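# return a 3D structure for these sequence lines:
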Amino acid sequence: MSQPKPASEKSPYYDIAHKYGVDIVFRPFIKVEGVTAKEFRQQKVSILDYTAIVFTSRHAIDHFFKLCEELRVTIPETMKYFCVTEAIALYIQKYVQYRKRKVFFGNTGKINDLIPTMVKHKTEKYLVPLSDVHTDELKDLLDQNKLQHTEVVMYRTVSNDFKADEKFDYDMLIFFSPVGVAALKKNFPNFEQKDIAIGSFGPTTAKAVREAGLRLDLEAPSTVAPSMTGALELYLKNLK
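Numbers count the residues shown, from 1 in each chain. You can find the predicted model right below:
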């Protein structure tokens, strides 16, 4: 699994491993790192020019506050925070005192669900911290709703390189992003798939696997398996 180990021991991945007698190894192929203060300054954005921040992930929160600390920017108590989920909103408590009057969140995890709340605060100037790899979906939505906003890159996704002595002996590799596929090619430029099965989650990841000239053996989500755990269980069941 090219992603971090689940936080809970109750993860369905462990049930699958036990049920089918397989060893599931969680080894992230990618990692997230923040941009430097110098790189941020080159984008010519002043954080204190904005009255609200839009957070789409915990990574965005971590790197926003880390940059503020590096730049010695003190965030005023009047700053408002708009988050795509309640879990992300609650994570803000790691850095600032949580007050319901200044923290807003959506219910579905999709940015579309947050837009009506943002429109109610039409006078705010929104700053949106993003990864270096992103789509224009959020920008386009804010434009359509005539909201004042600026997108700024605060972190990037990079290859989590394998060490020279690190074991690479897997029967199956499962990817969750195109960057993970790129990391495989970067670490193992002469990689030959042979009998190694490859799985992917999401259409862009599946496309990256195929474009890399690799055989895709498991693809999720699907009508019969909307989750990766469901798809993996079906795959292992069919092997028997």
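
# all the helices of the chain, in order from the start?
Secondary structure of the chain (DSSP state H): helices located at 12-20, 37-41, 58-70, 86-91, 111-120, 137-144, 178-187, 203-211, 228-239.

# right, and residue 177 touches residue 157 too?
Yes - counting by CB atoms under 8 Å, residue 157 is a contact partner of residue 177 at 7.4 Å. For the C-beta atoms, the positions are set from N, CA and C on the backbone; glycine is no exception.

# list the residues that contact both of those two?
residue 30 (CB atoms under 8 Å, 6 or more residues apart in numbering).

# so in this protein, which strand runs the longest?
As assigned by DSSP state E, the longest strand anywhere in the chain is strand 148-159.

# relative to helix 137-144, how tilted is that one?
Counting by axes from the mean of the first three to the mean of the last three CA atoms, to 10 degrees, strand 148-159 lies at 180 degrees to helix 137-144.

# CA atoms only: put strand 148-159 into CSV for me.
C-alpha atoms of strand 148-159 as CSV (Å, rounded to 0.1, in the frame of the first residue of the first chain):
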residue,chain,number,x,y,z
GLN,A,148,-12.5,37.6,-3.7
HIS,A,149,-9.8,34.9,-3.5
THR,A,150,-6.2,34.1,-4.1
GLU,A,151,-4.6,30.6,-4.4
VAL,A,152,-1.1,30.1,-3.1
VAL,A,153,1.2,27.1,-3.2
MET,A,154,2.3,26.3,0.4
TYR,A,155,3.4,22.6,0.1
ARG,A,156,4.4,20.0,-2.5
THR,A,157,4.1,16.3,-3.0
VAL,A,158,7.5,14.6,-3.7
SER,A,159,8.9,11.1,-4.0
